[in-house]
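A.B. asks: Okay, here's the prediction I keep looking at, along with the sequence it came from:
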Amino acid sequence: MTEPVLILVESNTSGTGPLFARRAREQGARPVLLAEDPGRYPYARAEGITLAEADTSGPGAVLDAIASLGAGPVAGVTTSSDYFVPVAAAVAHTLGLPGPDPAAVTRCRHKGHQRAALAAAGVPVTAHTLVTDAAAAREVLGRARLPVVLKPVDGSGSSGVRLCAEPVGAVEHADRLLARTRNERGIPTQPGLLVEEYVDGPEFSVEVFGHTPVAVVGKHLGAAPHFVETGHDVPAPVPDATARVLADTAVAAVRALGLGHGAAHVELRLGADGPVLIEVNPRLAGGMIPELIRAALGVDLVAAQVAAALGRRPDLTARAARHSALRFLVVDGPSVLGDPPPALAAPGRHVTAAVLTGRRGVPLTPWHDHRDRVGHTVATAPTAPSAARAAEDALTLLRASLRALAAEESPV
């Protein structure tokens with residue numbers, strides 16, 4: 001019998017990218033990765049994954065590419081990349097395959113439209129204004145109570161997101177965002193930005209599958225004015241009552257947006273008046289969060305997402321009650337990444353990973369988003385404090401791999 005094919009429309013270049021293909025094989029499907037630039041995915045060749053060059057900019061082009069493949073019966077279409085969720089959803093819908101509602105995921109990709117839908121449903125969101133031109137931005141910022149957060153309407157991984165505490169800097173950053181026509185992957189961007197109230201308080205994500213909250217994740221952020229995620233704790237070390245209200249708010253948001261097939265990564269802040277939605281992403285979390293959940297709780301969300309794409313019942317049964325912590329090695333100034341120190345050969349009890357993921361031997365300068373993360377450590381332990389301490393101790397060792405560049409060495 002011919003094995004079914006799972007079409008992957010682009011991918012994360014690391015992390016869950018390779019895992020999607022592995023889980024597909026484990027479930028008896030053959031992964032086929034469609035990519036506009038196959039060179040972005042060296043893991044595909046290393047693991048013998050079928051990699052086809054194709055225009056992935058829209059559903060029509062992807063459908064044409066699938067038709068020309070002759071790869072066998074297509075059983076599912078999905079993606080691990082935030083940017084291609086609407087395209088994958090539309091293709092699956094056209095082919096009559098399982099997937100999320102294309103209109104719902106398209107609405108989610110535009111942060112302004114998403115906020116409007118959440119507010120209309122009574123889900124708590126930050127006060128915000130959508131602007132699409134420089135004049136409107138100046139008018140809104142002129143009457144805004146600072147500080148405010150500015151973010152592109154369709155960004156990902158904290159790209160372009162900034163806390164602005166004074167008027168001139170806010171206007172300058174708004175102008176930069178409105179002048180952008182393509183994102184960091186070269187994909188055309190939608191015009192506009194959100195000017196939103198800053199909510200002071202700890203940040204969390206809730207990983208929802210269908211309408212089931214699987215895990216509440218504690219998030220660590222770098223220094224303002226940027227919002228680079230520097231670590232995660234699974235499950236979040238908060239009281240059960242706090243975890244429940246965060247989870248309930250996240251599920252309410254997923255329902256309000258018309259989602260319910262597969263994973264949703266819901267980001268919230270816990271303000272003085274309770275949880276406030278930051279945004280809902282109709283996909284699995286990035287930042288290795290699915291792997292932390294697998295280590296801590298025994299729930300494999302990548303396998304669940306692949307199963308859902310293939311029309312199978314996902315397994316969300318928790319089989320463990322441990323704690324996992326991840327800490328990122330982050331570029332915070334002109335630097336160069338070298339080899340890991342010998343001390344990492346035995347990084348310590350509970351540590352399960354201490355790896356470098358960035359390019360070595362080349363000058364690095366901060367992007368102030370997810371691209372600044374060039375390594376990470378992971379620890380799993382019986383308690384949250386012991387997992388966090390182990391991950392942080394290992395990160396101290398890993399940090400020796402990153403050398404600050406002197407002024408005369410820094411790239412122009």
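C.D. replies: Sure thing, it's come through. Numbering: from 1, shown residues only.

A.B. asks: Tell me where the stretch 251-400 of the chain has strands.
C.D. replies: According to DSSP state E, counting those that start in this stretch, the stretch 251-400 of the chain carries its strands in the segments 263-271, 274-281, 323-330, 335-337, 351-356, 363-364, 373-381.

A.B. asks: Tell me which residues touch Asp200, please.
C.D. replies: 271-272 (C-beta atoms under 8 Å, 6 or more residues apart in numbering). Just so you know, the C-beta spots here come from the backbone N, C-alpha and C atoms, and that holds for glycine as well.

A.B. asks: just the one 4 residues further on next, same as before
C.D. replies: With contact set as C-beta under 8 Å, 6+ apart, Phe204 has these partners: 216-219, 236, 238, 246, 267-270.

A.B. asks: now the angle from the helix or strand harbouring Glu207 to strand 274-281?
C.D. replies: Assigned by DSSP states H and E, Glu207 belongs to strand 203-209. Using axes from the mean of the first three to the mean of the last three C-alpha atoms, to 10 degrees, the direction of strand 203-209 lies 60 degrees away from that of strand 274-281.

A.B. asks: roughly how far is strand 203-209 from the heart of the chain?
C.D. replies: The chain centroid and the centroid of strand 203-209 are separated by 11 Å under C-alpha atoms, centre = their mean, to the nearest Å.

A.B. asks: Do me a favour and average the pLDDT over that strand.
C.D. replies: In this model, strand 203-209 has an average pLDDT of 98.

A.B. asks: Give the buried residues for the helix or strand that that strand is followed by.
C.D. replies: Beyond strand 203-209 on the C-terminal side, the first helix or strand identified by DSSP H and E is strand 212-221. For strand 212-221, a neighbour-count test (16 or more other C-beta atoms under 10 Å) marks 213-220 as buried.

A.B. asks: same check, this time on stretch 135-144
C.D. replies: Quick answer for stretch 135-144 (16+ other C-beta under 10 Å): 136-137, 140-141, 144.

A.B. asks: got it, and stretch 160-176?
C.D. replies: 160-164, 169-171, 173-174.

A.B. asks: Among the strands of the stretch 251-400 of the chain, which comes closest to Glu207?
C.D. replies: Among the strands of the stretch 251-400 of the chain, the nearest to Glu207 by C-beta to C-beta is strand 263-271 (6.2 Å).

A.B. asks: Kindly export the closest one (C-alpha atoms) in CSV.
C.D. replies: Extracted C-alpha coordinates of strand 263-271, given in CSV (Å, rounded to 0.1, in the frame of the first residue of the first chain):
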residue,chain,number,x,y,z
ALA,A,263,-2.5,23.9,18.4
ALA,A,264,-2.8,27.5,19.5
HIS,A,265,-0.1,29.4,21.3
VAL,A,266,-1.8,32.1,23.5
GLU,A,267,0.3,34.8,25.1
LEU,A,268,-0.9,36.7,28.1
ARG,A,269,0.2,39.1,30.8
LEU,A,270,-1.0,38.9,34.4
GLY,A,271,-1.8,42.5,35.2
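
A.B. asks: Give the pairing partners of that strand; include direction for each.
C.D. replies: Sheet pairing for strand 263-271, assigned by DSSP bridges, gives strand 203-209 (antiparallel), strand 274-281 (antiparallel).

A.B. asks: which regions of the stretch 1-150 of the chain sit below the pLDDT cut-off?
C.D. replies: Applying pLDDT under 70 to the stretch 1-150 of the chain picks out residues 1.

A.B. asks: can you pull out the helices in it?
C.D. replies: Taking DSSP state H, counting those that start in this stretch as the test, the helices found in the stretch 1-150 of the chain are 16-26, 42-46, 59-69, 85-94, 102-109, 111-120, 134-143.

A.B. asks: In contact with Thr249, which residues?
C.D. replies: Listed by C-beta under 8 Å, 6+ apart, the contact set of Thr249 reads 123-124, 206, 268, 274-275, 277.

A.B. asks: Serialize the strands paired with strand 263-271 to TSV and add fields for distance to Ala263.
C.D. replies: Below are those laid out as TSV (distance: least, C-beta to C-beta, whole Å):
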stretch	distance to Ala263
strand 203-209	5
strand 274-281	9
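
A.B. asks: For Ala54, which of those is the nearest?
C.D. replies: strand 274-281 (24.2 Å).

A.B. asks: in that closest one, what counts as buried?
C.D. replies: 275-281.

A.B. asks: now that strand against helix 111-120, angle please.
C.D. replies: Going by the same axes, to 10 degrees, strand 274-281 makes 140 degrees with helix 111-120.

A.B. asks: quick one: contacts of strand 274-281?
C.D. replies: 82, 108, 111, 114, 118, 123-126, 156, 199, 203, 245-246, 249-250, 253-254, 257, 259, 264-270.

A.B. asks: re earlier: tell me which of the strands paired with strand 263-271 lies nearest to Pro341.
C.D. replies: So among the strands paired with strand 263-271, strand 203-209 is nearest, using C-beta to C-beta, at 30.9 Å.

A.B. asks: out of the helices of the stretch 1-150 of the chain, which comes closest to Glu3?
C.D. replies: Using C-beta to C-beta, the helices of the stretch 1-150 of the chain put helix 16-26 closest to Glu3, at 9.3 Å.
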